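Engineer: Can you look at this prediction? I've put the sequence above it.
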Amino acid sequence: MNKKTYKNLIIIGLAIIAIIAVLFIRSRGNQNLYAGFLKPEEGAWSEIMNGAEDLQKLVYLGEKIIHNIPTYGVEIESIVSGNKSAITQVWRDQKSNEIVEIVSKLEGKNEVICIDDSLMNILIPSFNSLLPAIKTPEKYSPNNEYTYGTFTTVTGKIIQIAKFIDENDMEIWISSKVPFGIVRIVNNETGEIIAFLQDFGLTGGQPKISEGAMLNCKKIDFPNLTK
């Protein structure tokens, strides 16, 4: 091997190393942009618009022992057109993520009722997947392939986002910077915005169902729909 060939091989080798280094740095940079769902503090909240009129207010309730099980909870206030709202709390096992307790009430009413999660899964088969998450679902793993950008809320907060097209041809925008992860959902075929993050905060959210009311929820005998 002559000196010229040897020199060319060194140049090629250094170029390959440089390319690998750039790709590695870029990959690490992307991981910093999205690293899975945020682990929120108690009181973290977000407001999600579903369509033009329906608003969901989500509050992370922190961790509590319920029925002798360590759980974490989320409160969901769903406000539909006409300003009518229903408030629901969902408490999950910290280890298994299984639902331990669901309670609900109507805004302005005092009565809090217990709801069987098996009933909800019969009435709404996708019920579990529709609930807000604080643990990163596999579908939104940081190891998946994403494109990256920014999103500005209507209140002027700018956040880094990752986005991808899911199996239902929906463009999903997610972020590690906001409670519950979801930033925007767009029908990729029609361009219709299905849902978007209106506002959020890392502290300050307050539940509308007290701990005492949740623990003393009224049990109602619903018809057995499994028969």
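Structural biologist: In hand now; what should we look at? Numbers count the residues shown, from 1 in each chain.
Engineer: alpha carbons only for contacts and neighbour counts from here, please
Structural biologist: Fine.
Engineer: Chain neighbours aside, what residue packs nearest to K39?
Structural biologist: Spatially, and ignoring its direct neighbours in sequence, K39 is nearest to I134 (6.2 Å; CA to CA, 6 or more residues apart in numbering).
Engineer: Just say helix, strand or coil for the one you found.
Structural biologist: The three-state assignment at I134 reads coil, by DSSP: H, G, I helix; E, B strand; the rest coil.
Engineer: Downstream of the lowest-mean-pLDDT helix or strand in the chain, the next helix or strand is which one?
Structural biologist: None of the helices or strands of the chain scores lower by mean pLDDT, DSSP states H and E than helix 3-33, at a mean of 52. Once the chain leaves helix 3-33, the next helix or strand it forms, by DSSP states H and E, is strand 45-50.
Engineer: Okay, buried residues for stretch 95-108 please.
Structural biologist: Buried residues in stretch 95-108, counting neighbours by 16 or more other CA atoms under 10 Å, are found at 99-107.
Engineer: ignore the last one, stretch 207-220
Structural biologist: For stretch 207-220, burial by neighbour count (16+ other CA under 10 Å) applies to 207-209, 214, 217.
Engineer: just stretch 54-69 next, same as before
Structural biologist: For stretch 54-69, the neighbour count (16+ other CA under 10 Å) marks 54-61, 63-64, 66 as buried.
Engineer: got it, and stretch 133-148?
Structural biologist: 133-136, 140, 142, 146, 148.
Engineer: same question for that stretch, mean pLDDT?
Structural biologist: Summarised as a single mean, pLDDT over stretch 133-148 is 92.
Engineer: Going forward, the N-terminal residue is numbered 17.
Structural biologist: Sure, I'll start counting at 17 from here, so that last one is stretch 149-164.
Engineer: Do me a favour and get the end-to-end distance for it?
Structural biologist: 21 Å (CA to CA, to the nearest Å).
Engineer: How about stretch 132-152?
Structural biologist: First-to-last residue span, stretch 132-152, CA to CA: 25 Å.
Engineer: Show residues contacting that stretch.
Structural biologist: With contact meaning CA atoms under 8 Å, 6 or more residues apart in numbering, stretch 132-152 is reached by 52-56, 74, 90, 115, 117-118, 195-197, 241-242.
Engineer: in this structure, which residue is closest to the centre?
Structural biologist: In the chain, the centroid-proximal residue (CA atoms, centre = their mean) is F196; its distance is 3.1 Å.
Engineer: and that one, what is it in contact with?
Structural biologist: Residues near F196 by CA under 8 Å, 6+ apart: 53-54, 62, 148-150.
Engineer: Make sure I have this right: S134 is in a strand.
Structural biologist: No: read with three-state DSSP, S134 is helix and lies in no strand.
Engineer: how near is it to P195?
Structural biologist: Counting by CA to CA, the gap from S134 to P195 is 26 Å.
Engineer: One more: G67?
Structural biologist: Applying CA to CA to G67 and P195 gives a distance of 20 Å.
Engineer: Okay then, goodbye and thanks.
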